[in-house]
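In: 3D, please:
(2 chains)
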Amino acid sequence: MKRSLELAVASARARAVPWDSQRAERVGRRLAGERGRSWVTAGVTRFALAGLGSAALFASSLRLSSALRDGEPPAHHLEVSALGMPDSEADFVEPRWGDAGYDASQSAPFR
Amino acid sequence: MISLTLEGATDAALVERARQADQAAFAALYQRHARYLAGVVYRLMGDDAELDDIIQETFLQASSALSGLLQPELVRPWLVTIAVRRVHRHLARRRRRWFLFVSLAQIGARVSDPADRCEVDDLYDALDRLSKDLRVPWVLHRIEQFSLVEVAHACSVSLATVKRRIAEAERRLERGQMP
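Out: Numbering: from 1, shown residues only, chains lettered A, B, ... in the order given. Model (predicted):
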């Protein structure tokens, strides 16, 4: 048994490797294609990630400009309005003497 | 002119250039080491059915991991380590298809002349019955003639483990697992 194992090992060592220039070229071409694809994929992912950031910024500015065009207050103004504060100067009515809630101590001293 | 420069370049220089996305340098590494790796893979697998795939996968993985190679001058043993891992995967897959494989081999044996079979076929039949953890170090050491240290490196296991696995494989093959 030992002898047949040694013989088999010697035969396995002596076997020619089925690898010629044509095979090397074929695998090399496939490899180049795969590498190209993986690099393209990596590139697309990088571009997509960078693009997502830019797109988010762009969408935000687009929303803002369209809101301004339509005369709507920008989102942060809406938030301020929601707190019950005046949104613009026109909305602000200064309480006058005799009005409910008038506080003389809050009036400007030079008036 | 460029190819001449690459031809004479050391492995370390080629790795350095390939890291900087130099396609020609990577191609030179492929041309320099593919044949050697094909020999190792062929003897580990016992046939060339998956040879192209394994070589392609090895270099593909190498191209993406090249920046992590600490000793560029040792690119060949590093490639062997990657190839051995690919072989492990392919052997595991082959194991899963074992029943189909054995059936086909038996059909083949019946219709072919037994005199055409040689010791190598018997050896690989016996190796197919060993686990890949025993088979791979044994083939690397006994057929490929790697030193024990080289086998340990290629298999990413300790020297003691390699010695134990090779001895166990040898024992099983001698004990009569050779048909």
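In: drop to CA atoms for contacts and neighbour counts, all remaining ones
Out: Noted.
In: so, low pLDDT: which residues of chain B?
Out: B:1-4, B:99-117, B:176-179 (pLDDT under 70).
In: so who does the spatially most central residue of it touch?
Out: Central residue of chain B (Cα atoms, centre = their mean): residue B:41, 3.1 Å from the mean position. Taking Cα atoms under 8 Å, 6 or more residues apart in numbering or on different chains, we find residue B:41 in contact with B:51, B:54, B:83-84, B:87.
In: and these, which is closest to chain A?
Out: The shortest approach to chain A among the contacts of residue B:41 belongs to residue B:51, at 9.1 Å (Cα to the nearest Cα).
In: how many residues are close by the closest one?
Out: 21 (other Cα atoms under 10 Å in any protein chain shown).
In: check the one 3 residues further on too.
Out: Number of residues near residue B:54 (other Cα under 10 Å) recorded here: 25.
In: secondary structure class for whichever residue of chain A sits closest to chain B?
Out: Chain A approaches chain B most closely through residue A:8 (4.8 Å), counting by Cα to the nearest Cα. Three-state call for residue A:8 (DSSP: H, G, I helix; E, B strand; the rest coil): helix.
In: ok, now which ones touch it?
Out: Contacts of residue A:8 (Cα under 8 Å, 6+ apart): B:119-120, B:122-123.
In: circling back to that earlier point, the contacts of residue B:41 in helices, which ones?
Out: Of the contacts of residue B:41, the ones assigned to helices by DSSP state H are B:51, B:54, B:83-84, B:87.
In: from memory residue B:149 sits against residue B:157, does it?
Out: No: using Cα atoms under 8 Å, residue B:149 is not in contact with residue B:157; the gap is 9.8 Å.
In: ok, these two, which is more surrounded?
Out: residue B:149 (16 against 13).
In: remind me which helix or strand the more buried one belongs to.
Out: helix B:148-155 (DSSP states H and E).
In: what's that helix packed up against?
Out: Helices and strands touching helix B:148-155, by 3 or more Cα pairs under 8 Å, 6 or more residues apart in numbering or on different chains; DSSP states H and E, are helix B:75-96, helix B:132-138, helix B:159-172.
In: so which of those helices is nearest residue A:27?
Out: helix B:75-96 (14.7 Å; Cα to Cα).
In: need the residues of chain A near chain B, please.
Out: A:1-2, A:4-5, A:7-13, A:17-19, A:24, A:27-28, A:30-31, A:34-35 (Cα under 8 Å from any Cα of the partner chain).
In: circling back: most surrounded residue in the contacts of residue A:8?
Out: residue B:123 (22 neighbours).
In: how about stretch B:28-43: buried residues?
Out: Buried residues in stretch B:28-43, counting neighbours by 16 or more other Cα atoms under 10 Å in any protein chain shown, are found at B:28-31, B:33-35, B:37-43.
In: just to revisit the earlier point, keep only the contacts of residue A:8 that also lie close to chain A.
Out: Answer for the contacts of residue A:8 near chain A (Cα under 8 Å from any Cα): B:119-120, B:122-123.
In: so which of these belong to helices?
Out: B:119-120, B:122-123.
In: distance of the residue nearest to residue B:119 when sequence neighbours are not counted from residue B:70?
Out: The shortest distance from residue B:119 to any residue other than its chain neighbours is 4.8 Å, reached at residue A:8 (Cα to Cα, 6 or more residues apart in numbering or on different chains). Separation of residue A:8 from residue B:70 (Cα to Cα, to the nearest Å) stands at 38 Å.
In: perfect, I'm done here.
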